[in-house]
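Student: Turn this into a model:
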Amino acid sequence: IEATASLNVVSTLINNNGTSGIVIQSTASATGKLVNASSGVQGEMQLHMTPSVYHYISSPMTDASYSNIQVPGGTPGTDYDFFWYNESAQAQWVYLGNSAGTFVSGRGYAFAYTKDGNNYVPSFTGTFKQSNTSIAVSQQSGGEPYYNGWNIVGNPYPSAISAKTSDASNFLAQNSSIIM
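Tutor: Numbering: from 1, shown residues only. Next comes the predicted model:
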């Protein structure tokens, strides 16, 4: 799926070629989109990142490994930074560096790439997320009040989420009681 294109599947999506059978491309100006209700569909989704700025990301896969985003041959802390924010631990950034692990669906992560000043386009590979996702958010009291209540929630799908529509799928309206 080209970076400026989208594919909306209204019936069954079958991919017999594994993760290389469906590739969603990403460029500096656009990222392709896949809307699909079929479970178990494997593929790859690219994520274009500009250097030296933090990108707040989430995996569009149900089973993506941290290694999907880590810089091959890169040194954590020098060539890239990779964190998640644990609000329930009194506002603590958890450094992932080159840790082994799997992305939590719906959790937001912070990633910055600085290795060579060029754009970085990692690929998430695995099974595309297509079912509902819930992620717990928290608001601690005590400690540093400035940090209390911040949570990073990510989009767990290979497409956009409606944030300001007038229908029942309005993400902001559905979550207004917990969004500050």
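Student: Can you classify Y56 as helix, strand or coil?
Tutor: Taken by DSSP: H, G, I helix; E, B strand; the rest coil, the conformation at Y56 corresponds to strand.
Student: In space, what's closest to it - neighbours in sequence excluded?
Tutor: G108 (5.3 Å; C-beta to C-beta, 6 or more residues apart in numbering). To be clear about C-beta, it is placed using only N, CA and C from the backbone, and glycine gets the same treatment.
Student: give me the low-pLDDT residue ranges for this protein?
Tutor: Applying pLDDT under 70 to the chain picks out residues 90-91, 142-145, 162-169, 171, 178-180.
Student: Strands of that one, start to end?
Tutor: Assigned by DSSP state E, the chain shows strands spanning 6-8, 23-24, 33-35, 42-46, 54-57, 80-86, 92-95, 109-113, 123-127.
Student: Who are the contact partners of A100?
Tutor: If a contact means C-beta atoms under 8 Å, 6 or more residues apart in numbering, then A100 has 65-67 as its contacts.
Student: Turn those residues into JSON lines, including distance to N16.
Tutor: Output for the contacts of A100, formatted as JSON lines (distance: C-beta to C-beta, whole Å):
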{"residue": "S65", "distance to N16": "23"}
{"residue": "Y66", "distance to N16": "28"}
{"residue": "S67", "distance to N16": "25"}
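Student: What's the PyMOL syntax to select whichever of the residues you listed are buried?
Tutor: Entered in PyMOL, the line below selects the buried ones among the contacts of A100, by 16 or more other C-beta atoms under 10 Å:
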select buried, resi 65+66
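Student: Relative to N132, which of the contacts of A100 is nearest.
Tutor: S65 (22.7 Å; C-beta to C-beta).
Student: My read is that that closest one contacts L96, right?
Tutor: No - using C-beta atoms under 8 Å, S65 is not in contact with L96; the gap is 11.4 Å.
Student: Spatially central, which residue of the chain would that be?
Tutor: S58 (1.4 Å; C-alpha atoms, centre = their mean).
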